[in-house]
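In: No sequence on hand, only this structure:
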């Protein structure tokens with residue numbers, strides 16, 4: 001992995017733990033703050049040998065992904081692909097959160113623009129429920145180990161979680177969760193649906209519904225409460241009626 005990416009991850013994750021030693025600080029100073037630190041003074045706080053960058057088009061990036069921009073690490077919290085008309089290509093609007101400073105950034109890219117998506121150690125989990133503190137309770141389907149993580153790891157895609165859903169958590173080599181990802185599509189039950197009102201606009205052929213998990217999307221008029229629908233987790237849009245309908 002590049003030294004630049006290692007430095008980005010070092011700075012971001014040390015901030016999440018609430019401390020960060022300046023690069024110019026001496027070993028003696030750091031040793032005073034943390035005995036035994038001198039043994040690995042010239043090593044990064046975490047090992048990122050498993051981190052790798054994958055080039056993806058902007059319209060392929062999903063909420064929850066980590067991307068590197070100008071030497072900083074960001075998590076995608078919102079992703080909206082606006083399709084163009086005729087020869088217009090449209091654009092992709094991204095809302096990003098700086099992993100280190102937690103500040104938000106808006107980016108507009110062409111659908112074909114390539115972005116560096118950072119991947120760490122991925123581990124599969126199953127979503128159980130959201131507890132009283134708002135944390136997501138997950139279970140490893142192999143070991144049955146249960147963990148709790150913040151929904152912020154998934155960005156807006158957290159709204160598409162339902163009990164039993166499969167997902168993955170990305171970790172540093174030292175076991176710190178840094179982001180979460182859902183499959184490209186999920187199947188969810190419709191728990192509430194607005195009446196269909198015919199109109200003149202291109203979007204009037206759809207009506208709004210609420211899915212288990214809380215997300216609201218547009219669906220065709222034939223979709224009813226109790227049906228299941230397949231949802232594109234990147235776009236947050238209806239794909240087709242689910243097999244459970």
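Out: Sure, I can see it. Bear in mind that the values here come from a model prediction, so they are computed numbers and not experimental data.
In: low pLDDT regions in the protein?
Out: 1-52, 86, 172-174, 199-204, 244-245 (pLDDT under 70).
In: Can you tell me which residue sits nearest the middle of this protein?
Out: residue 64 (0.8 Å; Cα atoms, centre = their mean).
In: what bridges to residue 82?
Out: Beta bridges link residue 82 to residue 91, judged by DSSP bridges.
In: Oops, could you answer that again for residue 167 instead?
Out: Beta-bridge partners for residue 167, by DSSP bridges, are residue 125.
In: for it, what are its contacts?
Out: Residue 167 makes contact with 124, 125, 126, 127, 138, 154, 161, 180, 181, 182, 183, according to Cβ atoms under 8 Å, 6 or more residues apart in numbering. Where you see a C-beta, it was placed from the backbone N, CA and C, and this is true even at glycine.
In: one step back: I'd assumed the residue nearest to the centre of the chain was in a strand, is it?
Out: No: with DSSP: H, G, I helix; E, B strand; the rest coil as the criterion, residue 64 is located in coil rather than a strand.
In: what residues does stretch 184-194 touch?
Out: Residues from elsewhere that reach stretch 184-194, judged by Cβ under 8 Å, 6+ apart: 62, 160, 162, 165, 207-213, 215, 219, 223-234, 239, 242-244.
In: Now, of these, which are buried?
Out: Buried subset of the contacts of stretch 184-194 (neighbour count, 16 or more other Cβ atoms under 10 Å): 62, 160, 162, 165, 207, 209-213, 215, 219, 223, 227-229, 231-234, 242.
In: Sort out for me which of the residues you listed are in strands.
Out: Assigned to strands by DSSP state E, the following of these qualify: 207, 209, 210, 211, 219, 228, 229, 231, 232.
In: Chain neighbours aside, what residue packs nearest to the third one?
Out: To tie it back to what came earlier, the one meant is residue 210. The shortest distance from residue 210 to any residue other than its chain neighbours is 4.0 Å, reached at residue 192 (Cβ to Cβ, 6 or more residues apart in numbering).
In: Please identify the helix or strand for that neighbour.
Out: Following DSSP states H and E, one finds residue 192 within strand 185-193.
In: Can you give the strand pairings for that strand, parallel or anti for each?
Out: According to DSSP bridges, strand 185-193 has the following sheet partners: strand 207-211 (antiparallel), strand 228-232 (antiparallel).
In: List of residues touching the first one?
Out: When contacts are taken as Cβ under 8 Å, 6+ apart, the neighbours of strand 207-211 outside the stretch itself are 160, 162, 188-197, 216-221, 223, 225, 229, 231.
In: Only the buried subset of the contacts of residue 167, as a ChimeraX command please.
Out: Remark: buried members of these, expressed as a ChimeraX selection using 16+ other Cβ under 10 Å:
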select :125,126,127,138,154,161,180,181,182
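In: re the thing from before, just to check, the residue nearest to the centre of the chain is in contact with residue 157?
Out: Yes: here residue 64 reaches residue 157: they are 5.2 Å apart, a contact under Cβ atoms under 8 Å.
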